[in-house]
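Peer 1: When you get a sec, could you give me coordinates for this:
(chains A, B, C and D)
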There are 2 protein chains.
Amino acid sequence: MKTITKRSGCPVSFSLDFLGDKWTLLILRDMVLSDKNSYGDFLASNERIATNILADRLNTLEQYGFIIKRVSPEKKNKFLFSLTEKGIELVPILMELTIWGSKYNPPGNEKLLKALADDKVGTILKLQQKLRNAIP
Amino acid sequence: MKTITKRSGCPVSFSLDFLGDKWTLLILRDMVLSDKNSYGDFLASNERIATNILADRLNTLEQYGFIIKRVSPEKKNKFLFSLTEKGIELVPILMELTIWGSKYNPPGNEKLLKALADDKVGTILKLQQKLRNAIP
DNA sequence: ATTTTTACTTGCATTTTGCAAGCAAACAAA
DNA sequence: TTTGTTTGCTTGCAAAATGCAAGTAAAAAT
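Peer 2: Next up, the predicted model:
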């Protein structure tokens, strides 16, 4: 049970109270862009998050309603994570981080970038639809 | 001279290498939304950043080309900070943090929210124009 | 029955943050 | 011209967060 303290009434500050660290948004990125959904999936990502940090962030994200954790139907020792509506609405933030990051560290994800350049709203909506369909 | 290590080639990860903490984007928010431009200005914000952290973040932001520091023309013991193009292009990220934060912690900045809802692209461009005019 | 998979937890070292006090150059007032 | 104020830091130390390696445990596969 981690307690996140609201530092002010500012919306940017409020968002950063939850998202302002080096790992949280990377977990969400994995769910949104790579359809990852388990502890092992997140652990395998290139940035090499530590096991204790991953467990902590997953707990916090669940606690504050960004994700839902359920037992895998096939394997009862495996858990599957999915995004809630609250988490799905972070997609635009992830997309802007993608656009800026690609510009200052090319090439980035060229296919996604092209889609965003061509139709940002539509691309975001499509990602969000996919994630909504994954809600159990 | 702080060294930021790139954790992977992913654009989201790259963005978070610089922006992934509780304070950096709040300083940029102050510059973008409140036209703040000095150490004292940033220190006065509601979230109460510590003096050493503020000095550290301003140094890092300058070092990596997000902001420029110059001596105030009137007072030679005062410094003025302005955003570079690299920093100005973070405005879309700040706007999405504003939108999400306002939704899950209302009311947020209602005037800005209305402007974004009405014309997101135009609102962002207008903010960016203003910041470009402030480049010395 | 034994090994593997999956998801953690624990202990400890290192790094970062937070807090309070101190410092120094430029400026303003007496 | 001295004295106090403004501005922007730096320093030292305590507390919290992170990172690393090893250990644990339930379920599944062999």
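
Peer 1: center of chain A - which residue?
Peer 2: With distances taken as CA atoms, centre = their mean, A:L28 lies nearest the centre of chain A, 1.1 Å away.

Peer 1: Show me where chain A has its strands.
Peer 2: Assigned by DSSP state E, chain A shows strands spanning A:67-71, A:79-83.

Peer 1: what's the most buried one of the ones you listed?
Peer 2: Counting by mean count of other CB atoms under 10 Å in any protein chain shown, strand A:79-83 has the highest mean neighbour count of the strands of chain A, with a mean of 19. For glycine as for every other residue, the C-beta is placed from the backbone atoms N, C-alpha and C.

Peer 1: in its sheet, what does it sit against?
Peer 2: Strand pairing for strand A:79-83, using DSSP bridges, gives strand A:67-71 (antiparallel).

Peer 1: With only the CA atoms kept, save the strand it pairs with in PDB.
Peer 2: What follows is strand A:67-71 as a C-alpha-only set of coordinates in PDB (Å, rounded to 0.1, in the frame of the first residue of the first chain):
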ATOM      1  CA  ILE A  67      -4.400  -1.600 -14.700                       C
ATOM      2  CA  ILE A  68      -6.200  -4.800 -13.700                       C
ATOM      3  CA  LYS A  69      -4.600  -8.000 -12.700                       C
ATOM      4  CA  ARG A  70      -6.200 -11.400 -13.200                       C
ATOM      5  CA  VAL A  71      -5.100 -15.000 -13.100                       C
END
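
Peer 1: is any part of that strand close to DNA strand D?
Peer 2: No: against DNA strand D, strand A:67-71 shows no contacts by CB under 7 Å from any atom of the strand, the least distance being 8.8 Å.

Peer 1: what comes into contact with that strand?
Peer 2: For strand A:67-71, the surrounding residues in contact (CB atoms under 8 Å, 6 or more residues apart in numbering or on different chains) are A:31, A:58, A:61-62, A:78-84, A:87, A:135-136.

Peer 1: could I get those as CSV with pLDDT and distance to A:I68?
Peer 2: Below are those laid out as CSV (pLDDT from 0 to 100; distance: CB to CB, whole Å):
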residue, pLDDT, distance to A:I68
A:M31, 98, 11
A:L58, 98, 11
A:L61, 98, 10
A:E62, 98, 7
A:K78, 98, 15
A:F79, 98, 10
A:L80, 98, 9
A:F81, 98, 7
A:S82, 98, 5
A:L83, 98, 8
A:T84, 98, 6
A:G87, 98, 9
A:I135, 96, 8
A:P136, 91, 7
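
Peer 1: Tell me the one among those nearest to DNA strand D.
Peer 2: Taking CB to the nearest atom of the strand as the measure, DNA strand D lies nearest A:K78 of these, at 7.5 Å.

Peer 1: Leaving out chain neighbours, which residue sits closest to the closest one?
Peer 2: In this structure, A:K78 finds its nearest non-sequential neighbour in A:S72, 3.9 Å apart by CB to CB, 6 or more residues apart in numbering or on different chains.
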